[in-house]
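# This is the structure alone, sequence omitted:
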């Protein structure tokens, strides 16, 4: 009886162990579900290589309008953001001393002109008397000298008048070119000194970017080279500029050379102060490529995790051209176009782990209302990653 009980216990125990191992094995074989954000597909992409530039946009032509005389601001004729034409009045400054000088200079010119007319009349009369022998030649020379002095005094008075007019003109601030008022620094009633800022005028039709690149990339740069930009606030829209000039000296502290890029802005959609990031279009090629984040560059050689036959596979790859701006890298060997690679947190999975890639969910479609009115939209095809 006891032997039978022992045998029965062994059978039950062996059955329990076998059932537990089967459950454990089933759990180990359960695949890890991956979303579309965890994988990326090797695709044929257009990569571009060249020095990357970044900086803040500035107006290529700008002028800081400042007061040239001391006095009270009588008028600020334009506002910030207003378009102006060359020669348009921007501001008026009161300057009583220049007005007084202008009046005095005008009076001096009139007096000198009358004196010259009298001297010329006297000279003509004395010439006739000298020809008749009534006066000596010495007396005639004295009269001629007086006419020369009167003429010199008139020239001096006219020069002072021109200077007074110029001084008076400095109380009127005018636009130096067609543009837009970007800054207004004073208001009517302010007392300003010479050099005080009043306005900043910019030409919005052309922008400029100043950037620095390593001297090792200097061979890729030349004046006139095309530069492609993405500008903050404009999404994926690409703008094109040209290298205007390259600084002839290298910064000894950073080992970089400064260059200046001009961006046409005829549509006036670019604004000063926006951050721009671009690249000199030095090399362009269409190759199999993946995001840089899908590659482990620390391994030697670099590796990727590929999904093949439902399992994670570690694959060494050979990398090529790198697009710094698009964050893409060329894969020359190891994988093929269409292969699915892991990225992000999915790269923590061990080699051999069973996985299942979940297809991207389709967006919900609008159903027709009661009575069947309306036509449901056509289904959208998923974009391969």
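Everything's here; your move. A quick note: this is a predicted structure, and the numbers were derived from the prediction, not measured.
# Just give me the neighbour total for residue 250.
When neighbours are counted by other Cβ atoms under 10 Å, residue 250 registers 15. (Glycine included, C-beta is placed from N, CA and C.)
# Run the chain-centre distance for the helix or strand where it lies.
Per DSSP states H and E, residue 250 falls inside strand 238-251. Strand 238-251 has its C-alpha centroid displaced from the chain centroid by 13 Å (Cα atoms, centre = their mean, to the nearest Å).
# Need the mean per-residue confidence for that strand.
Strand 238-251 comes out with an average pLDDT of 90.
# Who are the packing partners of that strand?
strand 206-214, strand 226-231, strand 256-264, strand 275-280 (3 or more Cβ pairs under 8 Å, 6 or more residues apart in numbering; DSSP states H and E).
# what lines up beside that strand in the sheet?
strand 226-231 (antiparallel), strand 256-264 (antiparallel) (DSSP bridges).
# what's the angle between the shortest one and strand 275-280?
Our comparison of strand 226-231 with strand 275-280, counting by axes from the mean of the first three to the mean of the last three Cα atoms, to 10 degrees, yields an angle of 150 degrees.
# Can you point out the buried residues in strand 226-231?
227-231 (16 or more other Cβ atoms under 10 Å).
# And for stretch 244-253?
Neighbour-count burial for stretch 244-253 [16+ other Cβ under 10 Å]: residue 244.
# Tell me which residues are up against it.
The contact list for stretch 244-253 (Cβ atoms under 8 Å, 6 or more residues apart in numbering) reads 208, 212, 215, 221-223, 256-262.
# In contact with residue 287, which residues?
By Cβ under 8 Å, 6+ apart, residue 287 lies in contact with 44-45, 47, 320-321, 330-332.
# and the helix or strand harbouring it, which strands flank it?
Assigned by DSSP H and E, residue 287 falls within strand 283-291. The pairing partners recorded for strand 283-291 under DSSP bridges are strand 43-49 (antiparallel), strand 328-333 (antiparallel).
# quick one, the strand holding residue 250 and strand 206-214 angle?
Going by the same axes, to 10 degrees, strand 238-251 makes 50 degrees with strand 206-214.
# For residue 204, see how far away the residue nearest to the spatial centre of the chain is.
In the chain, the centroid-proximal residue (Cα atoms, centre = their mean) is residue 57; its distance is 2.8 Å. In this view, residue 57 and residue 204 are 11 Å apart by Cβ to Cβ, to the nearest Å.
# and what of residue 271?
Using Cβ to Cβ, residue 271 is found at 8 Å from residue 204.
# Quick check, pLDDT for residue 21.
47.
# pretty sure residue 87 is in contact with residue 174, am I right?
Yes. Counting by Cβ atoms under 8 Å, residue 87 touches residue 174, with 5.3 Å between them.
# returning to what we had before: which among the strands paired with strand 238-251 is found nearest to residue 125?
Of all these, strand 256-264 sits nearest to residue 125, with 70.1 Å by Cβ to Cβ.
# which residues are contacting that closest one?
53, 57, 60, 205-215, 218, 221, 227, 229, 239-247, 249-251, 270, 276, 278.
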